Structure formats: C-alpha cells, structure tokens
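Enquirer: Any chance you could fold what I've pasted below:
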Amino acid sequence: MPVIILEGGKIDDPEKKRKLITKLTDAACEAYGTIPKQAFIVIIKENSAENIGSGGECLADRMKK
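Expert: Numbers count the residues shown, from 1 in each chain. From the prediction side, this is the model:
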C-alpha cells in the first residue's frame, strides 16, 4: 500500500482536508496507473506555526509581519 505523507500547517476546515485527501489520492492513482485508489493511504501531519521555521525565522513571527 503506497503511503502519502503531507506535513504542513494546520488545516482547520475538515471539508478542506477531505478534498485534499481526495485530490492527493487521485493524483497518485493517475501517476501510478495500476494501483487502485483504495490502496493509497494519506497521512496529514499538522504543525502549528510556532513549530515551523523557514530562513532561520519562526513561521509564527513571519505571519505577524
């Protein structure tokens, strides 16, 4: 079973998560071609802005600017 792991910021809207899971699964299914949709597992790992840094700066601080 192929596993798709997405790490990023928090997504508050459950419907947006559902759509994201569907689109990721559809894209992977199309790319592989021979693996059925039901075989894919999608894991969303959410991180708060305080736990993400980019360019040596905390994302929470960048969002305040």
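
Enquirer: make it CA atoms for all contacts and neighbour counts henceforth
Expert: Fine.

Enquirer: Return the list of helices and strands in contact with the helix or strand residue 16 falls within.
Expert: According to DSSP states H and E, residue 16 maps onto helix 14-32. If contacts are counted by 3 or more C-alpha pairs under 8 Å, 6 or more residues apart in numbering; DSSP states H and E, helix 14-32 sits against strand 41-47.

Enquirer: what pairs with the helix or strand just after the strand it packs on, and is each one parallel or antiparallel?
Expert: Heading C-terminal from strand 41-47, the first helix or strand you meet, by DSSP H and E, is strand 53-54. Strands that pair with strand 53-54, judged by DSSP bridges, come out as strand 57-58 (antiparallel).

Enquirer: buried ones in stretch 13-32?
Expert: 21, 24-25, 28-29 (16 or more other C-alpha atoms under 10 Å).

Enquirer: Using JSON lines, please lay out these together with distance to residue 54 and pLDDT.
Expert: Output for these, formatted as JSON lines (distance: C-alpha to C-alpha, whole Å; pLDDT from 0 to 100):
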{"residue": "21", "distance to residue 54": "25", "pLDDT": "98"}
{"residue": "24", "distance to residue 54": "25", "pLDDT": "98"}
{"residue": "25", "distance to residue 54": "28", "pLDDT": "98"}
{"residue": "28", "distance to residue 54": "28", "pLDDT": "97"}
{"residue": "29", "distance to residue 54": "31", "pLDDT": "96"}
